[in-house]
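Peer 1: Output the structure for:
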Amino acid sequence: MIHASQDERERAINRSRRMWQTDYESNMNTSREAGFIEGRTEGRTEGHIEVAKNLLSMGFPIVDIAKATALSPSEIEALRQ
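Peer 2: Numbering: from 1, shown residues only. Next up, the predicted model:
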């Protein structure tokens, strides 16, 4: 009898996990459709640009700044002007 209740509990936990995963994926899709994800991405890019400007002013090589910020070397070069 204890065995059956343990199995039921495990099934309930697994069912809850699947439901959470489904809800999470649905929420992410809804957020993408509404543009929330892109907005956060733009904020991150702005942050990367600020970091790149700071690193440029400190004399770091463009190649290293590109690695640190995920900006392209041409984007970083444009920040010099």
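Peer 1: Which stretches in the chain count as helices?
Peer 2: Along the chain, counting by DSSP state H, helices occupy 2-34, 36-57, 62-69, 73-79.
Peer 1: then stretch 74-81 to PDB, C-alphas only?
Peer 2: C-alpha atoms of stretch 74-81 as PDB (Å, rounded to 0.1, in the frame of the first residue of the first chain):
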ATOM      1  CA  SER A  74      32.400  47.200 -37.100                       C
ATOM      2  CA  GLU A  75      29.800  48.200 -34.500                       C
ATOM      3  CA  ILE A  76      32.500  48.900 -32.000                       C
ATOM      4  CA  GLU A  77      34.500  50.800 -34.600                       C
ATOM      5  CA  ALA A  78      31.500  53.000 -35.300                       C
ATOM      6  CA  LEU A  79      31.400  53.900 -31.600                       C
ATOM      7  CA  ARG A  80      34.800  55.600 -31.900                       C
ATOM      8  CA  GLN A  81      33.400  58.300 -34.200                       C
END
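Peer 1: And the chain, split by domain according to the record?
Peer 2: Taking automatic domain parsing as the reference, the chain has its domains at 1-34, 38-81.
Peer 1: now the ones you listed in CSV, with mean neighbour count?
Peer 2: Any C-beta I mention is one placed from the backbone N, CA and C, and that applies to glycine too. Shown next, in CSV, are those (neighbours: other C-beta atoms under 10 Å):
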stretch, mean neighbour count
domain 1-34, 10
domain 38-81, 13
